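[1] A predicted structure for the sequence below; I have some questions about it.
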Amino acid sequence: MFRRVRRLVGLDQKSPDSSAKPSNRGSVLFRPPDMLETVHEIAVYIHRFHNLDLFQQGWYKLKVSLRWEDESRESHGIPSRVVQYEAAPEAVSDETVSVWHISDSENCFYTQPFHIKYARQDVYLSVMVSFNLIIREDETPSSSSVILKFELIYNHLLGNAIDQDDPSNLAPVAIHEFRVPHKALLGLHSYCPVHFDVFHSVLVDLSVHVAYLKPGTSRSTRKVYSSNGQHLVGEENGLDLVLGQQGWGNKAIETVKSLLASREILLEELRNISSALNQIVEELHDNDLSLGKYEAIVTSRAGMGLYNGGSSGSRKKGVGQLAGILHNFLEKSDGAFNIDNDVMLYTLSKVELLDLFHTLGSQLSFIWNAFLRFHRINRFKIMDYLHATWASDRKTEWSIWTVHSKIEIPHRYLRSGADESSSHRNSIGKMVSARKINEDPTLAATSRAELHRKSIAQMRISTRSIQDMQIFGDPTHVPVVVIEHHLMNVPQHNNNSIHNSPSNSDQSSHNNEFNTIVLPKLNGDVFSNSNISNSINGLLGKTRNAKKGGRVLRAVVFVHGFQGHHLDLRLVRNQWLLLDPGADCLMSEANEEKTSGDFREMGARLAEEVVSYLRKRIEKLNRYGGCKEIKLSFVGHSIGNIIIRSALSETTMSPYLKHLHTYMSISGPHLGYCYSSNSLFNSGLWLLKKLNKVQCIHQLTMTDDPDLRNTFFYKLCKEKTLEHFKNIILLSSPQDGYVPYHSARIELSHSSSHDNSKKGEIFMDMLNSCLDQIRAPTSETRILMRCDVNFDNSNQSRSLNTIIGRAAHIEFLETDVYVKFIMWSFPELFR
């Protein structure tokens, strides 16, 4: 059968006489390593070192190494070549000294030392190092992944010189590892950001490029004598001797299949890159990359469509069509060749199989070297393209730990459980509430997250993308984030007459189809009647009259919680800066060591600090082309959110309310501590009120006035502090015992739904007032998201922090993984 197939595709045109005996004269044999030895070449291009938040100035360097994840493989990646690229003129700096070097004893690469002096400093290293992982002739193509390890080395500063000791004697201050899956070892071009850890927050911009190659293209030979030293072994008999031992035939076919897959991947990736850059890889475009007579068997779709040179005209049309059919037959849906169906490769003789191996090896070396030269010329554009591709894939890559749902919020909340369960239906009569009213939302959220965590433990993660070991190292210990996109009904319960017109009803029904609220704009300027000071008015006038090339001021204010520090939210700030490097961040210090007083006073101090900061930034921009737009965002933790809302109610903030952009609330008690179910924490609050006379605690528990309608929180909920934000993101955790779950989410409390007392009535009024602000038609679009974060506490001991719920409340500040998931899944909300 195989012979007929060979004749069909044209491989048996000149078959040698099988009866003819091979001549012994001049017979040679390719050495087994030359025939079947292959290599994974992994090139790491280190572009830029960006200091986000290193605590210590001094001299640093990077150490790069490579190893198999399978510990049974003892070989390590060997640095094979280093290319130092010339730096761009604007990147030339005196912050680097000495040169890079390779350690033969450790099989690793060290960059040149560089001096870090200040935050957000850039150091361009522009160096590419290639590692070789050799697959010996007695090994099959690897099914093991590879670990790419980056270490941050700190050199002590000695005057104006650096410590010149052997860097191998210096322990790393931080380590960041990545897994390159075995599927990616056949070919890959990927962006790979290195951040190290929360104590050494940096960004190392680098890209990883992988190819599966034959070590050399020369066909070195040696004579093979028989054991008694007599005559040479004949060529074909010698091939039979080598390929026939211990399954060498299957080994050769598997190797050729891997080389074919690598060829297809590299050509396809090059096509995508050259298309994105709108530039042709001329070396490949001007050369014939066909496989000659083997093209009929293993035609590469990528090769045919991209760089086929002039060979396409020489092939017969029928053979080409048949080759395409056979290729589809041999290839799986994921692009990998199936050994059970590779019929055509088994039709090749061992001489032809070896010839195809050498042909593929030569082509892959040519393609790989052509890419490296193309990369050197276009490395900045390639880095931008790979970064954009990486960013667009984040939501999919990290979807393992995120659960998305869409839930509609009713027009109004009622206290009666029966009314609640019967009145909240959508237009087709289906229930729109995510939870049953008789079910505790905290327990339900915890159960749902734990169930998802158990499913993660049973998942088999299979991908070709590079995996961050800080996330993929132990998937079950990563926070689970449940994201609810809320569909908002436009009408407000206290103003139904305005929204009952046909036009508004049509608009409302249209909005239910998507997770944003598209609302009609109000007539006139929202702040036309505001009393704005002349100085503020002048600054904003300059902003409106700015040049077309003026900059958009994207200011983000971070506000700490009770007895907090202004750097408490630095991890969130660092993630925001990674997503939007041009953002101007203010870490509020106005209330540091002053969080025990009145929220009104804390809000006034924050408002003054924010206005002063914005004035300075606008004045600076007006000196350099002007400020054409302002986007003002806030991030608060714990009671920092109450301070933010109190500041927004100050008259000094009125001119900036129309510039509000995104509000991220991290475990904020927006409805106070009403219906708090944590008895231990409630006892602590009672002691604080009795012993320390902490004013803000009285306000949080709504005991600052005998009349609940005169309390601070009731009045704050009546203030329009939320309606001007375009994006509102409420982060909560059912494990957080410091802030009531319903208060952080601004939703109905399980206990309040059946409370018919005065307290229940006041609470319901506060809740509906907050939701009315979110539904208010003061923005063309508005997005509301509630994000539940479930932390892994399996490794936490049974401590007081865990019992009272403080551990999860502080975990929001000590990890940034959940922030990555949210920000990179919805980048448009943070830019």
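    Yep, that arrived.
[2] would you list every one of the strands in the stretch 601-750 of the chain?
    Under the criterion DSSP state E, counting those that start in this stretch, strands of the stretch 601-750 of the chain are mapped to 627-637, 660-666, 727-732.
[3] export those strands to CSV and tack on mean pLDDT and distance to Leu289?
    Bear in mind the C-beta positions are built from the backbone N, C-alpha and C, glycine included. Output for these, formatted as CSV (pLDDT from 0 to 100; distance: least, C-beta to C-beta, whole Å):
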stretch, mean pLDDT, distance to Leu289
strand 627-637, 92, 49
strand 660-666, 95, 49
strand 727-732, 94, 49
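[4] So Leu188, which state does it fall into?
    Secondary structure, DSSP: H, G, I helix; E, B strand; the rest coil: Leu188 is strand.
[5] circling back to that earlier point, now distance to Thr463 too, for the strands of the stretch 601-750 of the chain, in TSV please.
    Listed next are the strands of the stretch 601-750 of the chain as TSV, based on distance: least, C-beta to C-beta, whole Å:
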stretch	distance to Thr463
strand 627-637	32
strand 660-666	29
strand 727-732	28
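[6] want to throw those strands into a markdown table with mean neighbour count?
    Output for those, formatted as a markdown table (neighbours: other C-beta atoms under 10 Å):
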| stretch | mean neighbour count |
| --- | --- |
| strand 627-637 | 22 |
| strand 660-666 | 25 |
| strand 727-732 | 24 |
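[7] So which of those strands is nearest Ala252?
    Closest of the strands of the stretch 601-750 of the chain to Ala252 is strand 727-732, at 56.2 Å (criterion: C-beta to C-beta).
[8] Determine the set of other helices and strands touching the closest one.
    Other helices and strands packing on strand 727-732, by 3 or more C-beta pairs under 8 Å, 6 or more residues apart in numbering; DSSP states H and E, are strand 660-666, helix 741-745, strand 781-790, helix 817-825.
[9] Now with 7 Å, please.
    Contacts defined by 3 or more C-beta pairs under 7 Å, 6 or more residues apart in numbering; DSSP states H and E place strand 727-732 against strand 660-666, helix 741-745, strand 781-790.
[10] May I see those organised as JSON lines, with distance to Lys149 added?
    Below are the helices and strands packed on strand 727-732 laid out as JSON lines (distance: least, C-beta to C-beta, whole Å):
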{"stretch": "strand 660-666", "distance to Lys149": "33"}
{"stretch": "helix 741-745", "distance to Lys149": "39"}
{"stretch": "strand 781-790", "distance to Lys149": "29"}
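[11] pretty sure His486 contacts Ile728?
    No. Between His486 and Ile728 there is no contact under C-beta atoms under 7 Å: 9.3 Å.
[12] what's the burial count for the spatially closest residue to Thr476 that is not a sequence neighbour?
    Excluding the flanking residues, the one nearest Thr476 by C-beta to C-beta, 6 or more residues apart in numbering is Ala457, at 4.9 Å. Burial of Ala457 is recorded as 9 neighbouring residues (other C-beta atoms under 10 Å).
[13] ditto for Ile461
    11.
[14] check which helix or strand covers it.
    Under DSSP states H and E, no helix or strand contains Ile461.
[15] Now it. Its backbone dihedrals?
    Main-chain torsions, Ile461, degrees, to the nearest 10: phi -80, psi 120.
[16] Mind pulling up the pLDDT for it?
    If you check Ile461, the pLDDT there is 76.
[17] how close does it get to Ile147?
    Distance, Ile461 to Ile147, by C-beta to C-beta, to the nearest Å: 15 Å.
[18] Tell me if I'm right that Ile135 and Thr38 touch.
    Yes. Checked against C-beta under 7 Å, the pair Ile135 and Thr38 is within contact range at 4.6 Å.
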